[in-house]
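>>> predicted model, plus sequence, below.
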Amino acid sequence: MRARDIIEIDEEKCNGCGQCIPKCVEGALQIVDGKARLKGDELCDGLGACIGHCPRGALRVVKKKAAGFDATIGDKHQSKVPRSKTPTCECSEVVVSPPPPAEQKSPRKEQSPTLWRQWPLALRLVPVNAPFFTDAHLLVAADCTPFAYARFHEDFHRGKVLVFGCPKFDDAQGYVDKLAEILRMNSIRRLTLVHMEVPCCSGLRAIVEAALAKSGKKIPLESIVLTTGGGRRA
């Protein structure tokens with residue numbers, strides 16, 4: 001038995017909501033006594049497609065000695081799962097690369113390379129422990145800011161790992177807990193916060209500051225406010 005990547009479940013964090021179950025295409029997870037559990041090591045491929053769908057951050061990929069993954073069992077499970085007519089995204093952690101030159105549609109204007117460094121980008125979906133957080137400069141942004149500021153990616157996103165959310169319509173305490181866990185479990189070097197000057201959006205600063213305090217870490221934080229007139233200020 002050799003060491004390999006496999007899902008580990010934190011029973012203290014897991015509340016048995018079951019949101020991870022349908023996202024495991026191998027059928028490796030089940031709810032037992034109100035907690036998510038692995039049916040067997042051989043069912044888990046270790047890719048972590050379930051991680052981003054846990055609202056409490058109870059899942060993570062670890063390397064430990066476990067039985068090898070048996071793809072034939074997963075294939076049998078998938079053959080029994082009804083196929084939806086609407087495609088769904090099963091991604092958890094995807095590194096996005098610029099398109100090759102052959103895929104560029106217009107030879108007249110060179111396309112700018114993408115600044116995406118990971119997927120997903122939404123704070124409520126991103127896994128709490130992922131390689132792209134290692135020594136990262138983390139950019140936390142209100143989800144409306146890229147639309148309100150034309151040079152958002154060039155001025156703020158470049159060289160950073162981006163997560164975004166809405167402090168008005170989403171669970172603020174959930175954001176505090178999730179972000180605190182990300183800061184606690186990873187080697188984040190710096191934090192940059194970008195939000196609008198409107199009252200509902202400014203709540204994101206309180207969320208980030210509370211998460212930083214809860215994490216127990218001292219990480220430099222820069223806060224940038226985008227004005228309704230298209231400008232910016234500290």
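It's in.
>>> CA only for contacts and neighbour counts going forward, please
Fine.
>>> apart from its neighbours in sequence, what residue is nearest Gly40?
Ala28 (6.7 Å; C-alpha to C-alpha, 6 or more residues apart in numbering).
>>> ok, residues contacting the helix ranked longest in the chain?
Longest among the helix segments of the chain by residue count, using DSSP state H, is helix 199-215. For helix 199-215, contacts defined as C-alpha atoms under 8 Å, 6 or more residues apart in numbering pick out 142, 166-168, 172-173, 175-177, 179-181, 183-184, 193, 195-196, 218-219, 223.
>>> redo that, cut-off 7 Å
Contact with helix 199-215 is made by 142, 167-168, 172, 175-177, 179-181, 183-184, 195-196, as judged by C-alpha atoms under 7 Å, 6 or more residues apart in numbering.
>>> then stretch 28-35?
Here stretch 28-35 makes contact (C-alpha under 7 Å, 6+ apart) with 11, 14-16, 18, 21, 36-40, 43-44.
>>> 6 Å instead, please
The contact list for stretch 28-35, computed with C-alpha atoms under 6 Å, 6 or more residues apart in numbering, reads Gly16, Ile21, Ala36, Arg37, Leu38, Lys39, Leu43, Cys44.
>>> give me the buried entries from the residues you listed.
Buried members of those, counted by 16 or more other C-alpha atoms under 10 Å: Gly16, Ile21, Ala36, Arg37, Leu38, Leu43, Cys44.
>>> now, which of these sits nearest Lys63?
Cys44 (12.3 Å; C-alpha to C-alpha).
>>> so which residues of this structure form strands?
3-9, 29-32, 35-38, 59-65, 137-142, 161-165, 190-196, 221-226, 232-233 (DSSP state E).
>>> distance to Leu121 added to those strands, as JSON lines?
Below are these laid out as JSON lines (distance: least, C-alpha to C-alpha, whole Å):
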{"stretch": "strand 3-9", "distance to Leu121": "21"}
{"stretch": "strand 29-32", "distance to Leu121": "25"}
{"stretch": "strand 35-38", "distance to Leu121": "25"}
{"stretch": "strand 59-65", "distance to Leu121": "17"}
{"stretch": "strand 137-142", "distance to Leu121": "10"}
{"stretch": "strand 161-165", "distance to Leu121": "5"}
{"stretch": "strand 190-196", "distance to Leu121": "15"}
{"stretch": "strand 221-226", "distance to Leu121": "19"}
{"stretch": "strand 232-233", "distance to Leu121": "23"}
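>>> low-scoring stretches of this structure, by residue?
Under the criterion pLDDT under 70, the flagged ranges of the chain are 52, 73-117.
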